[in-house]
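In: how would this look folded up:
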Amino acid sequence: MIEYRIDRRSGVAPFAQIVLQTKEALLLGTLQPNDRLPTAREVVEATAINPNTVLKAYRELERDGLVEAKRGVGTFIRSDAVTAGLGANSPLRGELEDWAARAVAAGLSRAEIDALVRATLDRHYD
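Out: From the prediction side, this is the model:
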């Protein structure tokens, strides 16, 4: 099950962080079709955000066709949700994991690593 992390200093709304983290988990294969998302209560307990924020994020994911809410049971990844082949066994993911570990060992902060990755991606994607 996914564990959401909310960065209050990021400038990104908490509901948007939940949506982005869910989409990333789908792309990476961390979340699979029919997996259950944590309940709003579980997310609130783990992140100390408002339950309406969680529900807003889940509604957006439902509008995007990625999840479906089953009343009284929970919110689940739809069986037809798109997953990419970037799972744990991908050579590219392994290389990125190695690079990130080296960056942290070199003393770069999360913000510095994020800025470096974004700048690099910006050069490759106009």
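
In: rest of the way, CA atoms for contacts and neighbours
Out: Noted.

In: can you tell me which residues contact the residue most central in space within the chain?
Out: For the chain, the residue lying nearest the average C-alpha position, counting by C-alpha atoms, centre = their mean, turns out to be residue 21 (1.3 Å). Contact analysis of residue 21 by C-alpha atoms under 8 Å, 6 or more residues apart in numbering lists residue 4.

In: where's it, which helix or strand?
Out: Here residue 21 is covered by helix 14-28, with elements defined by DSSP states H and E.

In: how much space between the residue nearest to the centre of the chain and residue 106?
Out: Separation of residue 21 from residue 106 (C-alpha to C-alpha, to the nearest Å) stands at 26 Å.

In: same question, residue 77
Out: Here residue 77 is placed at a distance of 38 Å from residue 106 (C-alpha to C-alpha).

In: more neighbours, those two?
Out: residue 77 (23 against 9; other C-alpha atoms under 10 Å).

In: ok, the more buried one touching residue 32?
Out: Yes: counting by C-alpha atoms under 8 Å, residue 77 sits close enough to residue 32 to count as a contact (6.8 Å).

In: tell me, how many neighbours does residue 61 end up with?
Out: Each residue near residue 61 was counted by other C-alpha under 10 Å, and the total is 20.

In: Right, I'll leave it there.
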